[in-house]
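# Turn this into a model:
(chains A, B, C and D)
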There are 2 protein chains.
Amino acid sequence: MGKPTVHDIAKEAGVSLATVDRVLNARPGVRDKTVERVQAAVQRLGYVRDTFAANLARQRQYRFAFVLPEGESQFVGTLKAALVEATEAQMAERVSVRVVPVPASDPHSVVRALNALPVPLLDGVAIMTPETPQVRDAVARLKAAGVPVVALVSDLPNSGRDHFVGINNISAGSTAGVLMGRFIGAAHGKVLVVTNSMLARDSIERRLGFDSVMAASFPGLTVLPSIESRDDPERMVAVIRHAVAAHPDLAGVYSMGSGNRGLLQALRETGRIRDLTVIAHELTPLTRQALLDGEIDAVITQNVGHLVRSALRVLRAKCDGVGIFEAQERIRIDIVIRENLP
Amino acid sequence: MGKPTVHDIAKEAGVSLATVDRVLNARPGVRDKTVERVQAAVQRLGYVRDTFAANLARQRQYRFAFVLPEGESQFVGTLKAALVEATEAQMAERVSVRVVPVPASDPHSVVRALNALPVPLLDGVAIMTPETPQVRDAVARLKAAGVPVVALVSDLPNSGRDHFVGINNISAGSTAGVLMGRFIGAAHGKVLVVTNSMLARDSIERRLGFDSVMAASFPGLTVLPSIESRDDPERMVAVIRHAVAAHPDLAGVYSMGSGNRGLLQALRETGRIRDLTVIAHELTPLTRQALLDGEIDAVITQNVGHLVRSALRVLRAKCDGVGIFEAQERIRIDIVIRENLP
DNA sequence: AGGTTTCTGAGGTACGTCAATCAGAATGCC
DNA sequence: GGCATTCTGATTGACGTACCTCAGAAACCT
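Numbers count the residues shown, from 1 in each chain, chains lettered A, B, ... in the order given. Next up is the predicted model:
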């Protein structure tokens, strides 16, 4: 015989359909003893709610908002593309997504945008912004309003967010460190570390992981203090030029954040890009080409497709009050070299 | 207003519901001109079939069989576990899976098992077996009977399988090669390559990729002829012991297939496991522990969760006659070191 | 015992699609 | 024009669950 339905449960438990429904949907008005009887029947028959039918009957709609940094970052661009692709594929499953661009560098605008979200028309929010106390408060407000919230790419701990979809950046930094040390091979040399901003949580954590590995496993390599480009390509070119000139024994460059365009351009100018071991983050058209050209040796990345699909799955699960399948939601730290480019 | 339904399409096209249904489900009995009218309406309104309702009404059942090698291989074990996990998660989506274990080394039994599949009760088959002409024929028979077939892990080209779920093993070998060369660092040395069988398609392809990279990029390193363990741990121990003794300048070991237990044990015995750069395939409890212990330097793997989920998605898509979302189904070649262990 | 509150049963409608029926319209053919 | 054939319309009943109402049963209080 086929899968058990609510009717079978009702018969098995010796109660009516209405009672089974009340128990399954945690509605009030059922005695504890009866609840137990129903749950026992569910167990015995191995009943699983038919999500197709349930979603149909419930007229469920998943309206999500993705709060993403505006601007021309390639990483955010690929993320958005993946989001569009994923939502198109899920349109048949009643998922609709609205992207809310925010100026990530202006905390006030971010908070204003978060507070301006049309809460009653939203079933979930994914947020990718730097962590500030005000953002934490805004997230807490969303949560209080009953809207599930996931942090995307960069975590918002202590904000009450339901879930973090992204990688462990300390591990990512350690991974970069090991590759850097082993790829350089030489016993001695200097390593340059660049990022757009050391204020971002990601960069701090990556540097932490990177340093600990370098200190522990490659004591002969000297890691220079972080250089910040502050989202300014010209500044990047200038500081790189200076650093390369100042350290003739420079062996590697670790780019922790965005701004790879300026970095690569600057390194090309020095004429030493091929001799250096260059490791960057996030696979984008730019870094992909640099990998193919042999300018970048390895990219540490997270699959944007997984990121958005995981975020959507988690938000849906939170809406349904269902548990999530942890193993599937763990975003891996991908190592990409020319040979395993996807 | 909400999403358009079949009723809206009917109104828009000026036809009845029945006609819309016939067009949508490619049933006969509609004039070409009317078909076009309906399709135009679908386009105009942006109608997308509600899969929840469709699957409910259709009483769709996806009954799949996974033909997997029997035996105690850790990789197959993790694959099975992932399969169980995935099907449990999809139970609510009417997917049921039966695992059919076959003695992979005996082509006749494999073919017998394939031919014994209860075709009328099956909606799709995933097959992970070595490629032989008889297997190709059996797959062709399944296809002829209208059963979608996907090849899993190891491809079955020219068999008419609908899809291959797995990695490009030439690239996997190249990836291993680059890591081997760069991790060794030294200009000279020997590299041992071991596998259980050089008859398997995977091993041949991996060796191909590995050799081409080593020859092109690391000419100082000498790659020794492949050693086959033939699934015999004792033989593995013996040949490893011999090889290590014969080549004092051995710098690395590349394990292309299974049999890592015997390999690690043999290498431990020689006392040189820490000095050697060891690269293996497939992340299993064994290789994971070896990574943590610093015995293996890197593992090239494919995520078993992705493998089975992709196989299930593709089979479902083939059943529904729907296209697949290529980007999501491309299985990546994962590089795992201690620091980015998932 | 009476009344009040808390549970439960029975029954219905709806969700969007599939699948089937049957009658009627349009078309093609001679 | 008559007839057979091919299309089309209108209608209906599933599918499994959600959610609502209303009446009646059971338990609880004084």
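# Number of residues surrounding A:Gly181?
Using other CB atoms under 10 Å in any protein chain shown, A:Gly181 is surrounded by 23 other residues. All C-beta atoms are positioned from the backbone trio N, CA, C, and that covers glycine.
# so who does it touch?
By CB atoms under 8 Å, 6 or more residues apart in numbering or on different chains, the contact set of A:Gly181 is A:213-214, A:217-218, A:221.
# Narrow those to those that are buried.
Among the contacts of A:Gly181, those classed as buried by 16 or more other CB atoms under 10 Å in any protein chain shown are A:213-214, A:218, A:221.
# among the residues you listed, which are within reach of chain B?
Applying CB under 8 Å from any CB of the partner chain to these, one finds that A:Val213 fall near chain B.
# residues near the closest residue to A:Asn115 other than its chain neighbours, how many?
Excluding the flanking residues, the one nearest A:Asn115 by CB to CB, 6 or more residues apart in numbering or on different chains is A:Ala138, at 5.9 Å. When neighbours are defined as other CB under 10 Å, A:Ala138 has 26 of them.
# can you check A:Glu326 too?
By other CB under 10 Å, the residues close to A:Glu326 number 7.
# Show me what the helix or strand hosting A:Ile300 is packed up against.
Following DSSP states H and E, one finds A:Ile300 within strand A:298-301. Applying 3 or more CB pairs under 8 Å, 6 or more residues apart in numbering or on different chains; DSSP states H and E, one finds that strand A:298-301 contacts helix A:169-184, strand A:277-281, helix A:285-292, strand A:334-336.
# so can I have TSV of those showing distance to DNA strand C?
Listed next are the helices and strands packed on strand A:298-301 as TSV, based on distance: least, CB to the nearest atom of the strand, whole Å:
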stretch	distance to DNA strand C
helix A:169-184	43
strand A:277-281	43
helix A:285-292	37
strand A:334-336	38
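# Return the distance of stretch A:248-267 from the chain's centre.
24 Å (CA atoms, centre = their mean, to the nearest Å).
# got the residue ranges for the helices in the stretch 201-342 of chain A?
Assigned by DSSP state H, counting those that start in this stretch, the helices in the stretch 201-342 of chain A fall at A:201-217, A:233-246, A:260-270, A:285-292, A:304-320, A:326-329.
# Which of those sits closest to DNA strand D?
Nearest to DNA strand D among the helices of the stretch 201-342 of chain A is helix A:304-320 (9.0 Å), distances taken as CB to the nearest atom of the strand.
# The residue lying closest to A:His7 once chain neighbours are set aside and B:Ala215: what is the separation?
Among residues not flanking A:His7 along the chain, A:Leu17 sits closest, at 6.6 Å (CB to CB, 6+ apart). A:Leu17 is 71 Å from B:Ala215, where distance means CB to CB, to the nearest Å.
# do A:Ile273 as well
For A:Ile273, the distance to B:Ala215 equals 25 Å [CB to CB].
# the more surrounded of the two?
Using other CB under 10 Å, the more surrounded residue of A:Ile273 and B:Ala215 is A:Ile273, with 21 against 12.
# if I pick the residue nearest to that one when sequence neighbours are not counted, what's in contact with it?
Residue nearest to A:Ile273 in three dimensions, not counting chain neighbours: A:Leu267, with 4.2 Å by CB to CB, 6+ apart. When contacts are counted by CB under 8 Å, 6+ apart, A:Leu267 touches A:240, A:244, A:253, A:273, A:276, A:278, A:295.
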